[in-house]
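Novice: This is a predicted model, with the sequence first.
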Amino acid sequence: MTTLDSIVIVTKRTALEDLVLRFNTRAQAQFYIEQQARGNPTYQAGAFDEYQQAHDTYYAALESLKRSLPRGLKTQVIERTFLPNFKFSGHDLVITLGPDGLVINTAKYLTTESILALNPDLNRVDGILIPFGVHEARAWIDRALQSRVNVKPISMAKAELNDGQVLYAVNDLFIGARTHVSARYAIELNGRAENHSSSGIIVSTGAGSTGWLQSIVTGACQVAAHVTRAKVPVPAVDAYRLDGSSDQLYFAVREPFTSKISQANLVFGQIGRNQQLTITSHMPDYGVIFSDGIEADYLNFNSGAVATVKLAERQARLIVR
(Lines give C-alpha, C1' and ligand atoms only; values in the text may rest on other atoms or scores of the structure.)
Protein backbone atom coordinates (compact mmCIF):
# COMPACT_ATOMS: atom_id res chain seq x y z
CA MET A 1 0.00 0.00 0.00
CA THR A 2 1.05 3.59 -0.58
CA THR A 3 1.81 5.89 2.34
CA LEU A 4 -1.51 7.11 3.74
CA ASP A 5 -1.96 10.70 4.82
CA SER A 6 -5.73 11.04 5.07
CA ILE A 7 -8.95 9.13 5.65
CA VAL A 8 -12.08 9.50 3.52
CA ILE A 9 -15.30 8.06 4.95
CA VAL A 10 -18.02 7.38 2.39
CA THR A 11 -21.56 7.27 3.77
CA LYS A 12 -24.97 6.49 2.34
CA ARG A 13 -28.29 8.15 3.00
CA THR A 14 -30.59 6.05 5.15
CA ALA A 15 -34.03 4.98 3.98
CA LEU A 16 -35.50 7.49 6.42
CA GLU A 17 -33.46 10.30 4.88
CA ASP A 18 -34.67 9.28 1.42
CA LEU A 19 -38.25 9.39 2.68
CA VAL A 20 -37.76 12.86 4.14
CA LEU A 21 -36.32 14.05 0.83
CA ARG A 22 -39.41 12.72 -0.89
CA PHE A 23 -41.98 14.13 1.55
CA ASN A 24 -40.07 17.23 2.74
CA THR A 25 -40.43 16.55 6.47
CA ARG A 26 -40.10 13.60 8.83
CA ALA A 27 -43.69 14.12 10.03
CA GLN A 28 -45.11 13.91 6.51
CA ALA A 29 -43.03 10.81 5.80
CA GLN A 30 -44.30 9.17 8.98
CA PHE A 31 -47.91 10.08 8.13
CA TYR A 32 -47.58 8.51 4.67
CA ILE A 33 -46.07 5.26 5.97
CA GLU A 34 -48.60 4.90 8.75
CA GLN A 35 -51.52 5.62 6.40
CA GLN A 36 -50.26 2.91 4.07
CA ALA A 37 -50.01 0.50 6.99
CA ARG A 38 -53.64 0.86 8.04
CA GLY A 39 -55.78 -1.87 6.51
CA ASN A 40 -52.94 -3.17 4.34
CA PRO A 41 -51.71 -6.66 5.26
CA THR A 42 -48.36 -6.09 3.55
CA TYR A 43 -47.58 -3.30 6.03
CA GLN A 44 -47.23 -3.93 9.72
CA ALA A 45 -48.09 -1.76 12.70
CA GLY A 46 -45.10 0.32 13.66
CA ALA A 47 -43.71 0.17 10.13
CA PHE A 48 -42.25 3.66 10.47
CA ASP A 49 -40.42 2.59 13.62
CA GLU A 50 -38.25 0.29 11.51
CA TYR A 51 -37.13 3.23 9.39
CA GLN A 52 -36.28 5.20 12.51
CA GLN A 53 -34.45 2.34 14.21
CA ALA A 54 -32.36 1.59 11.11
CA HIS A 55 -31.54 5.31 10.82
CA ASP A 56 -30.53 5.56 14.49
CA THR A 57 -28.38 2.43 14.24
CA TYR A 58 -26.57 3.80 11.20
CA TYR A 59 -25.75 7.12 12.80
CA ALA A 60 -24.67 5.44 16.01
CA ALA A 61 -22.24 3.41 13.90
CA LEU A 62 -20.99 6.59 12.19
CA GLU A 63 -20.38 8.29 15.54
CA SER A 64 -18.59 5.20 16.81
CA LEU A 65 -16.39 5.22 13.71
CA LYS A 66 -15.53 8.89 14.17
CA ARG A 67 -14.47 8.21 17.77
CA SER A 68 -12.20 5.45 16.47
CA LEU A 69 -10.25 7.70 14.12
CA PRO A 70 -6.63 8.45 15.04
CA ARG A 71 -5.92 12.03 16.04
CA GLY A 72 -3.86 14.28 13.80
CA LEU A 73 -4.86 12.62 10.53
CA LYS A 74 -6.90 14.58 7.98
CA THR A 75 -10.41 13.14 7.70
CA GLN A 76 -13.28 13.87 5.33
CA VAL A 77 -16.82 12.47 5.31
CA ILE A 78 -18.67 12.45 1.98
CA GLU A 79 -22.07 11.11 1.02
CA ARG A 80 -22.22 8.63 -1.85
CA THR A 81 -23.90 10.97 -4.34
CA PHE A 82 -20.82 13.23 -4.29
CA LEU A 83 -18.46 10.47 -5.43
CA PRO A 84 -18.50 11.32 -9.17
CA ASN A 85 -17.08 14.79 -8.45
CA PHE A 86 -14.80 13.99 -5.51
CA LYS A 87 -11.04 13.98 -6.09
CA PHE A 88 -9.19 11.28 -4.21
CA SER A 89 -5.50 11.93 -3.63
CA GLY A 90 -4.08 8.46 -4.16
CA HIS A 91 -2.90 8.51 -0.53
CA ASP A 92 -6.29 8.10 1.13
CA LEU A 93 -7.56 5.24 3.22
CA VAL A 94 -11.14 4.99 2.00
CA ILE A 95 -13.65 3.69 4.54
CA THR A 96 -17.14 2.74 3.37
CA LEU A 97 -19.93 2.60 5.94
CA GLY A 98 -22.93 0.95 4.38
CA PRO A 99 -24.16 -2.08 2.41
CA ASP A 100 -22.31 -4.00 -0.30
CA GLY A 101 -23.62 -1.65 -2.96
CA LEU A 102 -21.75 1.23 -1.36
CA VAL A 103 -18.47 -0.69 -1.64
CA ILE A 104 -19.13 -1.29 -5.34
CA ASN A 105 -20.22 2.29 -6.03
CA THR A 106 -17.12 3.66 -4.31
CA ALA A 107 -14.55 1.31 -5.82
CA LYS A 108 -15.01 2.43 -9.42
CA TYR A 109 -13.97 6.00 -8.56
CA LEU A 110 -10.65 4.97 -7.00
CA THR A 111 -7.23 4.43 -8.53
CA THR A 112 -4.60 3.20 -6.06
CA GLU A 113 -6.64 3.70 -2.87
CA SER A 114 -7.71 0.71 -0.79
CA ILE A 115 -11.14 0.28 0.76
CA LEU A 116 -11.77 -0.66 4.38
CA ALA A 117 -15.42 -1.76 4.28
CA LEU A 118 -17.32 -1.55 7.57
CA ASN A 119 -20.74 -3.02 8.31
CA PRO A 120 -22.87 -0.41 10.11
CA ASP A 121 -25.69 -2.79 11.06
CA LEU A 122 -24.97 -6.48 11.49
CA ASN A 123 -28.68 -7.27 11.88
CA ARG A 124 -29.75 -5.63 8.61
CA VAL A 125 -26.75 -5.68 6.24
CA ASP A 126 -25.59 -9.01 4.77
CA GLY A 127 -22.11 -7.71 4.10
CA ILE A 128 -20.86 -10.14 1.44
CA LEU A 129 -18.12 -7.65 0.54
CA ILE A 130 -17.83 -6.20 4.04
CA PRO A 131 -15.37 -8.13 6.22
CA PHE A 132 -15.43 -5.91 9.30
CA GLY A 133 -17.79 -4.55 11.92
CA VAL A 134 -17.57 -0.98 13.19
CA HIS A 135 -16.29 -2.25 16.54
CA GLU A 136 -13.14 -3.41 14.70
CA ALA A 137 -12.54 -0.08 12.98
CA ARG A 138 -9.65 1.30 15.04
CA ALA A 139 -7.62 -1.91 14.94
CA TRP A 140 -7.90 -2.20 11.16
CA ILE A 141 -7.33 1.50 10.56
CA ASP A 142 -4.08 1.22 12.51
CA ARG A 143 -3.07 -1.86 10.53
CA ALA A 144 -3.83 -0.09 7.24
CA LEU A 145 -1.78 2.95 8.24
CA GLN A 146 1.11 0.62 9.04
CA SER A 147 0.68 -1.31 5.74
CA ARG A 148 -0.07 -4.51 7.65
CA VAL A 149 -3.16 -5.61 5.74
CA ASN A 150 -4.00 -7.99 2.93
CA VAL A 151 -5.60 -6.43 -0.12
CA LYS A 152 -7.79 -8.38 -2.52
CA PRO A 153 -7.78 -7.07 -6.12
CA ILE A 154 -11.17 -6.87 -7.83
CA SER A 155 -11.27 -6.61 -11.61
CA MET A 156 -13.34 -3.92 -13.30
CA ALA A 157 -14.84 -3.34 -16.74
CA LYS A 158 -14.18 -0.18 -18.71
CA ALA A 159 -16.27 1.54 -21.37
CA GLU A 160 -14.50 4.22 -23.41
CA LEU A 161 -16.19 6.41 -25.99
CA ASN A 162 -14.56 7.71 -29.15
CA ASP A 163 -14.65 11.22 -27.63
CA GLY A 164 -12.46 10.08 -24.71
CA GLN A 165 -15.14 9.75 -22.01
CA VAL A 166 -14.65 6.74 -19.73
CA LEU A 167 -16.84 4.83 -17.28
CA TYR A 168 -15.71 2.00 -14.99
CA ALA A 169 -17.77 -0.79 -13.45
CA VAL A 170 -17.07 -3.14 -10.55
CA ASN A 171 -20.12 -5.35 -11.19
CA ASP A 172 -21.58 -4.56 -14.59
CA LEU A 173 -22.06 -2.09 -17.40
CA PHE A 174 -25.36 -1.44 -19.13
CA ILE A 175 -25.27 -0.22 -22.73
CA GLY A 176 -28.66 0.57 -24.23
CA ALA A 177 -31.64 2.92 -24.18
CA ARG A 178 -32.70 5.00 -21.20
CA THR A 179 -36.38 4.32 -21.90
CA HIS A 180 -38.41 1.22 -22.66
CA VAL A 181 -37.72 1.34 -26.37
CA SER A 182 -35.39 -0.78 -28.46
CA ALA A 183 -31.70 -0.04 -28.30
CA ARG A 184 -30.24 0.02 -31.80
CA TYR A 185 -26.53 -0.45 -32.39
CA ALA A 186 -23.87 -2.44 -34.21
CA ILE A 187 -21.82 -4.91 -32.18
CA GLU A 188 -18.42 -6.39 -33.03
CA LEU A 189 -16.16 -8.94 -31.32
CA ASN A 190 -13.21 -10.88 -32.75
CA GLY A 191 -14.05 -9.93 -36.33
CA ARG A 192 -17.73 -10.88 -36.05
CA ALA A 193 -20.22 -8.04 -36.39
CA GLU A 194 -23.97 -7.55 -36.71
CA ASN A 195 -26.71 -5.01 -36.19
CA HIS A 196 -28.94 -5.34 -33.15
CA SER A 197 -32.30 -4.23 -31.89
CA SER A 198 -32.53 -5.27 -28.24
CA SER A 199 -33.16 -4.23 -24.66
CA GLY A 200 -29.47 -3.47 -24.29
CA ILE A 201 -26.24 -5.21 -23.39
CA ILE A 202 -24.98 -6.22 -19.98
CA VAL A 203 -21.23 -6.61 -19.46
CA SER A 204 -20.40 -8.39 -16.19
CA THR A 205 -17.15 -8.65 -14.28
CA GLY A 206 -16.11 -11.54 -12.08
CA ALA A 207 -17.61 -9.78 -9.08
CA GLY A 208 -20.85 -9.26 -10.98
CA SER A 209 -21.08 -12.70 -12.57
CA THR A 210 -23.56 -13.87 -9.95
CA GLY A 211 -25.73 -10.73 -10.09
CA TRP A 212 -27.54 -9.33 -13.12
CA LEU A 213 -25.91 -11.93 -15.36
CA GLN A 214 -27.39 -14.73 -13.25
CA SER A 215 -30.87 -13.30 -13.81
CA ILE A 216 -30.31 -13.22 -17.57
CA VAL A 217 -29.06 -16.82 -17.68
CA THR A 218 -31.91 -18.09 -15.51
CA GLY A 219 -34.57 -16.27 -17.54
CA ALA A 220 -33.17 -17.39 -20.88
CA CYS A 221 -33.14 -21.05 -19.85
CA GLN A 222 -36.67 -20.93 -18.48
CA VAL A 223 -38.05 -19.22 -21.59
CA ALA A 224 -36.28 -21.70 -23.89
CA ALA A 225 -37.61 -24.64 -21.89
CA HIS A 226 -41.22 -23.43 -22.12
CA VAL A 227 -41.12 -22.42 -25.79
CA THR A 228 -39.35 -25.54 -27.09
CA ARG A 229 -41.01 -27.90 -24.58
CA ALA A 230 -37.56 -29.39 -24.22
CA LYS A 231 -35.65 -29.85 -21.00
CA VAL A 232 -33.31 -26.86 -20.68
CA PRO A 233 -31.76 -27.10 -17.23
CA VAL A 234 -30.79 -23.90 -15.50
CA PRO A 235 -27.04 -24.23 -14.88
CA ALA A 236 -25.65 -23.95 -11.38
CA VAL A 237 -24.11 -20.57 -10.70
CA ASP A 238 -20.71 -22.22 -10.32
CA ALA A 239 -20.87 -23.18 -14.01
CA TYR A 240 -20.28 -19.56 -15.04
CA ARG A 241 -19.16 -17.82 -11.86
CA LEU A 242 -15.88 -15.94 -12.27
CA ASP A 243 -13.44 -15.06 -9.52
CA GLY A 244 -13.50 -11.42 -8.47
CA SER A 245 -10.00 -10.90 -9.86
CA SER A 246 -10.71 -12.74 -13.14
CA ASP A 247 -9.27 -11.36 -16.38
CA GLN A 248 -12.46 -12.31 -18.23
CA LEU A 249 -15.71 -10.42 -18.73
CA TYR A 250 -19.11 -11.74 -19.85
CA PHE A 251 -21.43 -9.93 -22.20
CA ALA A 252 -25.10 -10.75 -22.70
CA VAL A 253 -27.61 -9.12 -25.04
CA ARG A 254 -31.07 -8.72 -23.52
CA GLU A 255 -34.09 -9.69 -25.60
CA PRO A 256 -32.53 -9.47 -29.08
CA PHE A 257 -35.03 -9.00 -31.91
CA THR A 258 -34.51 -10.33 -35.43
CA SER A 259 -35.78 -8.46 -38.48
CA LYS A 260 -34.71 -7.52 -42.00
CA ILE A 261 -32.09 -5.20 -40.54
CA SER A 262 -31.22 -6.82 -37.19
CA GLN A 263 -29.66 -10.15 -36.26
CA ALA A 264 -29.31 -12.17 -33.06
CA ASN A 265 -26.30 -14.45 -33.31
CA LEU A 266 -23.67 -12.48 -31.39
CA VAL A 267 -25.60 -12.30 -28.12
CA PHE A 268 -23.47 -13.95 -25.42
CA GLY A 269 -19.80 -14.61 -24.78
CA GLN A 270 -16.62 -13.69 -22.99
CA ILE A 271 -14.23 -10.81 -23.47
CA GLY A 272 -10.63 -11.77 -22.70
CA ARG A 273 -7.81 -9.60 -21.40
CA ASN A 274 -6.58 -8.63 -24.88
CA GLN A 275 -10.02 -8.38 -26.47
CA GLN A 276 -12.60 -5.64 -26.73
CA LEU A 277 -16.28 -5.44 -27.56
CA THR A 278 -17.02 -2.58 -29.95
CA ILE A 279 -20.51 -1.08 -29.98
CA THR A 280 -21.60 1.66 -32.38
CA SER A 281 -24.76 3.55 -31.44
CA HIS A 282 -27.63 3.92 -33.90
CA MET A 283 -29.83 5.72 -31.35
CA PRO A 284 -30.58 9.38 -32.17
CA ASP A 285 -30.95 10.76 -28.64
CA TYR A 286 -31.82 8.12 -26.03
CA GLY A 287 -28.72 5.95 -25.73
CA VAL A 288 -26.89 5.61 -22.40
CA ILE A 289 -24.12 3.71 -20.68
CA PHE A 290 -24.19 3.38 -16.90
CA SER A 291 -22.52 1.11 -14.41
CA ASP A 292 -23.34 -0.78 -11.22
CA GLY A 293 -26.99 0.25 -11.24
CA ILE A 294 -26.29 3.98 -10.85
CA GLU A 295 -28.39 5.45 -13.66
CA ALA A 296 -27.75 9.03 -12.58
CA ASP A 297 -24.04 8.71 -13.42
CA TYR A 298 -24.06 7.88 -17.12
CA LEU A 299 -22.50 8.54 -20.49
CA ASN A 300 -24.67 9.63 -23.41
CA PHE A 301 -24.47 6.99 -26.14
CA ASN A 302 -26.19 8.46 -29.18
CA SER A 303 -25.70 8.19 -32.94
CA GLY A 304 -22.05 8.69 -33.85
CA ALA A 305 -20.77 7.37 -30.54
CA VAL A 306 -18.56 4.29 -30.53
CA ALA A 307 -17.87 2.45 -27.27
CA THR A 308 -15.04 0.00 -26.70
CA VAL A 309 -15.64 -2.27 -23.72
CA LYS A 310 -12.83 -4.26 -22.17
CA LEU A 311 -11.14 -5.28 -18.96
CA ALA A 312 -10.03 -2.16 -17.09
CA GLU A 313 -6.34 -1.40 -16.76
CA ARG A 314 -6.73 -1.07 -12.98
CA GLN A 315 -8.41 -3.02 -10.22
CA ALA A 316 -10.33 -2.09 -7.11
CA ARG A 317 -8.52 -2.89 -3.85
CA LEU A 318 -10.46 -4.32 -0.93
CA ILE A 319 -8.84 -4.86 2.48
CA VAL A 320 -9.61 -8.37 3.74
CA ARG A 321 -8.75 -10.37 6.82
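Specialist: Perfect, I can see it now.
Novice: which parts of stretch 141-152 are buried?
Specialist: Ile141, Ala144, Leu145, Val149, Val151, Lys152 (16 or more other CB atoms under 10 Å). For the C-beta atoms, the positions are set from N, CA and C on the backbone; glycine is no exception.
Novice: which other residues reach that stretch?
Specialist: Identification of contacts with stretch 141-152 by CB atoms under 8 Å, 6 or more residues apart in numbering yields 1, 4, 7, 68-70, 73, 93, 95, 114, 116, 140, 244-245, 317-321.
Novice: First residue to last residue on that stretch, what's the distance there?
Specialist: Between the opening and closing residues of stretch 141-152 lies a distance of 16 Å (CA to CA, to the nearest Å).
Novice: Out of the contacts of stretch 141-152, list just those in strands.
Specialist: Ile7, Leu93, Ile95, Ser114, Leu116, Arg317, Leu318, Ile319, Val320 (DSSP state E).
Novice: Make CSV from those residues and add neighbour count to it.
Specialist: Shown next, in CSV, are the ones in strands among the contacts of stretch 141-152 (neighbours: other CB atoms under 10 Å):
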residue, neighbour count
Ile7, 21
Leu93, 24
Ile95, 28
Ser114, 22
Leu116, 23
Arg317, 18
Leu318, 23
Ile319, 22
Val320, 11
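Novice: Which strand or helix spans Thr280?
Specialist: strand 277-281 (DSSP states H and E).
Novice: Tell me the helix or strand right after that strand.
Specialist: The helix or strand immediately downstream of strand 277-281 is strand 287-291, counting by DSSP H and E.
Novice: ok, the following helix or strand past that next one: who's next to it in the sheet?
Specialist: Following strand 287-291 in sequence order, the next helix or strand is strand 294-300 (DSSP H and E). Using DSSP bridges, the strands paired with strand 294-300 are strand 287-291 (antiparallel).
Novice: what about the nearest residue to Phe23 once chain neighbours are set aside, how many residues close to it?
Specialist: Leaving aside its sequence neighbours, Phe23 sits nearest to Ala29 (CB to CB, 6 or more residues apart in numbering; 4.3 Å). Residue neighbour count, defined by other CB atoms under 10 Å, stands at 21 for Ala29.
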